[in-house]
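Visitor: Sequence first, then the predicted structure, then my questions.
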Amino acid sequence: MSLVIENGWPRSAAWTGGERGELRLGGIGVRELAAEFGTPVYVLDEEEFLARCALWREALPDGEVHYGGKAFLCPEVVRWLDSAGLCLDVCTGGELAVAVAGGMDPARVVFHGNNKSAAELRRAVALGVGCVVVDSFTEIERLTTLAEEAGIRQRVMIRVTPGVSAHTHEFIATGGDDSKFGFSLNAGLAAEAVRRVLAAPALELAGLHSHIGSQITDLGGFALAARRMSAFLLDSEREHGVTIPKLDLGGGLGIVHRPGDPVPPSPAEVVAALREAVPARVRLAVEPGRSIAGPTTVALYEVGTVKDIPGVGRYVSVDGGMSDNPRPAMYGAAYTAVVASRASQAPPREATVVGRHCESGDVLVRDLPLPADVRPGDLLAVPASGAYQRSMASNYNHVTRPPVIAVRDGSARVIVRRETEDDLLRLYT
Ligand SMILES: Cc1ncc(COP(=O)(O)O)c(C=O)c1O
Ligand SMILES: N[C@@H](CCCC[NH3+])C(=O)O
């Protein structure tokens, strides 16, 4: 087993040798982590998170890096972002509330969403959110009224769909003309949005925005979007005799989940490709989510049963599943897993790792070679579990959502506590 970053593991992942061998994360053995915090559990390598923030910050020293909070957000993460000099992108009132709870200056928050409510927009205006990314004509009107009522001039960016098809799953591609997000460039809606924003004295056009999709591993789509958006920015400036200071080209850089996955370009390579297309005087912004949070976290599960079906195969059931990782069921996302709590000399035998939910599609990893002697009580570790897992976790079948434990230099602390049945029951009348 190769516990290297290129295979999706965080930098502190290491294997202690010998017969009592086990996986260590942040200097702590997984047996100790499981005993103290229970399973399933997301174990987040804090130094990996900060190092990934720094990679983006260093790639774009003269621009803005807004972390895409939808990937994974909690107040402690907000504090890390602050310390690393990153801004934050939120897309709901709830994410905005977490940003505020973590102490982020609202002026460094960018507010996204294709259907922000009037109440959410009112709150954003009242808090002094740095920028609202307008997504529809209705929203331009709504926000104009709210800014006028508040007696302020609200900075906005216009979200544009540049007609770029990113090479990714169709559910997470957002840059094409047929999208619920933004204003289509090809259909002329983006040009009309620029006209309307410029005609609204209560709005200040701070920039243009596009985001073509997520889990993208090649540079082509990013470069094409940057070229189209730059041309549109220059056309708009010429048409209206204005200067548009900023181009925000969104997030979307993918990660490796398992050995053999395509290796995505580095943040520096992405920024270089964008910079080549964007005029030097235009301030560049990016919104990485997954490429920061994803590789920081290992999900730990305990094996509950091993079922062999003659002529069919082997099912290994763990104590989590689609409620803590819906990505395999939603997008066909492929992960890997290893037995992390002991060394085994047994030969590999293929298994399907499934969850505990009342659903046949509750599969975490398909066709995975695991040691043939895998057994109840073993801990399974799934790397690259930091993005869109805890943030998309559900209470399906009334399971409680797992905690997030930050590990660093031999110490571990809870940054999101485990949900309890009392938390669930509190909702009911
Ligand atoms: C507007 C916007 N910005 C940033 C992101 C973050 O994307 P990723 O996590 O793929 O970097 C997303 C999600 O895809 C998004 O919709
Ligand atoms: N939830 C998606 C990514 C969506 C990105 C948000 N616009 C995933 O898990 O891959």
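Guide: That came through, no problem. Ligands and ions are numbered 1, 2, ... in the order given.
Visitor: Near ligand 1, which residues of the stretch 201-350 of the chain? Just list them.
Guide: Proximity of the stretch 201-350 of the chain to ligand 1, by C-beta under 6 Å from any ligand atom, involves residues 211, 214, 250-253, 287-291. Where you see a C-beta, it was placed from the backbone N, CA and C, and this is true even at glycine.
Visitor: at 8 Å instead, please
Guide: Within the stretch 201-350 of the chain, the residues that sit near ligand 1 (C-beta under 8 Å from any ligand atom) are 209, 211, 213-216, 250-254, 287-294.
Visitor: Among these, which ones are in helices?
Guide: 290-293 (DSSP state H).
Visitor: TSV for those residues, including pLDDT?
Guide: Compiled in TSV, those are given as follows (pLDDT from 0 to 100):
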residue	pLDDT
R290	98
S291	98
I292	98
A293	98
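Visitor: Helix or strand for the residue nearest to the spatial centre of the chain, just tell me which one.
Guide: Central residue of the chain (C-alpha atoms, centre = their mean): A71, 2.2 Å from the mean position. Under the criterion DSSP states H and E, no helix or strand holds A71.
Visitor: in terms of contact, does L50 touch A84 like I think?
Guide: Yes - assessed by C-beta atoms under 8 Å, L50 is found in contact with A84 at 5.9 Å.
Visitor: list the contacts for G355?
Guide: Taking C-beta atoms under 8 Å, 6 or more residues apart in numbering as the criterion, G355 is in contact with 317-318, 320-323, 362-364.
Visitor: Please read the previous query as pertaining to L203.
Guide: With C-beta under 8 Å, 6+ apart, L203 has these contacts: 134, 140, 143-144, 147, 153-156, 197.
Visitor: Same question for G17.
Guide: Counting by C-beta under 8 Å, 6+ apart, G17 makes contact with A343.
Visitor: Filter the contacts of L203 down to just the ones in strands.
Guide: 134, 154-156 (DSSP state E).
Visitor: Format the residues you listed as a markdown table; extra columns: neighbour count.
Guide: Output for the ones in strands among the contacts of L203, formatted as a markdown table (neighbours: other C-beta atoms under 10 Å):
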| residue | neighbour count |
| --- | --- |
| V134 | 31 |
| Q154 | 25 |
| R155 | 18 |
| V156 | 26 |
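Visitor: Can you tell me which of the residues you listed comes closest to ligand 2?
Guide: The shortest approach to ligand 2 among the ones in strands among the contacts of L203 belongs to V134, at 17.0 Å (C-beta to the nearest ligand atom).
Visitor: Show me what from the stretch 301-429 of the chain comes close to ligand 2.
Guide: Proximity of the stretch 301-429 of the chain to ligand 2, by C-beta under 8 Å from any ligand atom, involves residues 326-327, 330-331, 333, 387-389, 392.
Visitor: one more time with 6 Å
Guide: Counting by C-beta under 6 Å from any ligand atom, the stretch 301-429 of the chain sits next to ligand 2 at 327, 331, 388, 392.
Visitor: what sits against the residue nearest to the centre of the chain?
Guide: A71 neighbours (C-beta under 8 Å, 6+ apart): 289-290, 292-294, 386-388, 391.
Visitor: One more pass at 10 Å, please.
Guide: A71 sits next to 77, 89, 214, 251, 287-294, 386-392 when contact means C-beta atoms under 10 Å, 6 or more residues apart in numbering.
Visitor: which residues touch whatever residue of the stretch 251-400 of the chain ends up closest to ligand 2?
Guide: Nearest to ligand 2 in the stretch 251-400 of the chain, going by C-beta to the nearest ligand atom, is Y388, at a distance of 3.1 Å. By C-beta under 10 Å, 6+ apart, the contact list for Y388 reads 68, 70-72, 172, 214-215, 289-290, 293-294, 325-327, 330-331, 333.
Visitor: Could you pick out the buried ones from these?
Guide: When these are checked for burial by 16 or more other C-beta atoms under 10 Å, the buried set is 68, 70-72, 172, 214-215, 289-290, 293-294, 325-327, 331, 333.
Visitor: pLDDT check: weakest of those residues?
Guide: When these are compared on pLDDT, I172 comes out lowest, with 65.
Visitor: what about stretch 134-150, near ligand 1?
Guide: No - Stretch 134-150 does not reach ligand 1 (C-beta under 6 Å from any ligand atom); its nearest approach is 9.5 Å.
Visitor: dump the residue contacts of P162.
Guide: Residues in contact with P162 (C-beta under 10 Å, 6+ apart) are 175-177, 182, 184-186, 190, 208, 210-212, 221, 224-229, 231-232, 249.
Visitor: So which of these sit within strands?
Guide: Checked against DSSP E, those include these in strands: 184, 208.
Visitor: Quick check: ChimeraX command selecting the buried ones in the contacts of P162.
Guide: Only the buried members of the contacts of P162 enter the following ChimeraX selection, criterion being 16+ other C-beta under 10 Å:
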select :175,176,182,184,185,190,208,210,211,212,221,224,225,226,227,228,229,232,249
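Visitor: And for the closest residue to V278 other than its chain neighbours, the neighbour number?
Guide: Leaving aside its sequence neighbours, V278 sits nearest to S230 (C-beta to C-beta, 6 or more residues apart in numbering; 5.1 Å). Residues lying near S230 (other C-beta atoms under 10 Å) number 19.
Visitor: How about E32?
Guide: Number of residues near E32 (other C-beta under 10 Å) recorded here: 12.
Visitor: so it makes contact with T16?
Guide: No - applying C-beta atoms under 10 Å, one finds E32 not in contact with T16, separated by 11.4 Å.
Visitor: where do the contact lists of these two overlap?
Guide: 22, 24.
Visitor: what about the nearest residue to H398 once chain neighbours are set aside, distance to V414?
Guide: Leaving aside its sequence neighbours, H398 sits nearest to L424 (C-beta to C-beta, 6+ apart; 5.9 Å). To V414, L424 is 19 Å away according to C-beta to C-beta, to the nearest Å.
Visitor: I am finished for the moment; much appreciated.
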